[in-house]
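Participant: Fold the following for me, if possible:
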Amino acid sequence: MTPLRCRQPDTRRSTVDMKLEVVSVHVADVDRAKQFYKELGWREDADFPGEGGYRVVQMTPPGSPTSVHFGTGTVQPDGPVQGVFLAVSDIEAARAELAAHGAQVSEVFHDAHKGPLRADPAARVSGPHPQRLSYASYATFSDPDGNTWVLQEITTRLPGR
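Facilitator: Coordinates of the predicted model:
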């Protein structure tokens with residue numbers, strides 16, 4: 001089987017680091033969302049109330065440098081966020097842990113075309129990738145507001161990552 005091919009890393013380097021810090025998600029009920037993520041084991045970094053009903057909550061997945069914001073009067077999308085990827089080293093363990101904490105997690109699946117995940121659910125095959133290739137096994141779950149998260153098993157990073 002042919003391994004995944006990727007572009008060679010760009011040797012041009014920016015002089016300014018840009019790190020993904022926060023993903024804002026839409027929620028209808030801040031307390032319900034906060035409780036959902038806490039039950040998954042996500043760390044509560046902040047819960048700041050303000051004038052006029054303003055409130056921002058920041059939660060961070062275990063081991064992640066990137067957090068999630070939601071609240072009232074905050075910058076957030078009009079509807080649910082779809083397809084935010086969470087990298088995990090063991091897809092089956094991550095799935096089991098989320099399910100144990102109450103998340104409705106899909107079964108583990110891989111793409112029928114043996115490459116990166118396609119948007120077409122018909123291209124999904126049940127179970128982890130047969131050779132357990134990095135970047136090739138997935139599971140999904142959603143929060144109560146329909147924000148959808150994709151677990152992606154990554155055991156060996158692509159060059160430059």
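
Participant: Leaving aside the residues adjacent along the chain, what's closest to residue 106?
Facilitator: Closest residue in space to residue 106, ignoring its immediate chain neighbours: residue 140 at 4.6 Å, by Cβ to Cβ, 6 or more residues apart in numbering. Every C-beta, even on glycine, is put in place using the N, C-alpha and C of the backbone.

Participant: Which neighbouring elements make contact with the helix or strand where the one you found lies?
Facilitator: Assigned by DSSP states H and E, residue 140 belongs to strand 137-142. Judged by 3 or more Cβ pairs under 8 Å, 6 or more residues apart in numbering; DSSP states H and E, the packing partners of strand 137-142 are helix 91-100, strand 109-111, strand 148-153.

Participant: Show me what that strand is in contact with.
Facilitator: Around strand 137-142, the neighbours that count as contacts under Cβ atoms under 8 Å, 6 or more residues apart in numbering are 80, 91, 94-95, 98, 103-111, 117, 124, 128-129, 148-153.

Participant: swap the cut-off to 6 Å and go again
Facilitator: Strand 137-142 is contacted from outside by 91, 95, 98, 103, 105-106, 108-110, 117, 128-129, 148-153, using Cβ atoms under 6 Å, 6 or more residues apart in numbering.

Participant: And for stretch 31-44?
Facilitator: For stretch 31-44, using Cβ under 6 Å, 6+ apart, the contacting residues are 27, 57, 59-62, 70, 101-103, 143-144.

Participant: For residue 17, state which of those is nearest.
Facilitator: residue 60 (19.2 Å; Cβ to Cβ).

Participant: so how far is residue 29 from the closest one?
Facilitator: Separation of residue 60 from residue 29 (Cβ to Cβ, to the nearest Å) stands at 20 Å.

Participant: residues touching residue 126, list them.
Facilitator: Neighbouring residues of residue 126 by Cβ under 6 Å, 6+ apart: 107, 109.

Participant: now it: how far from residue 139?
Facilitator: Residue 126 sits 11 Å away from residue 139, going by Cβ to Cβ.

Participant: And residue 149, by the same measure?
Facilitator: From residue 149 across to residue 139, the span is 9 Å (Cβ to Cβ).
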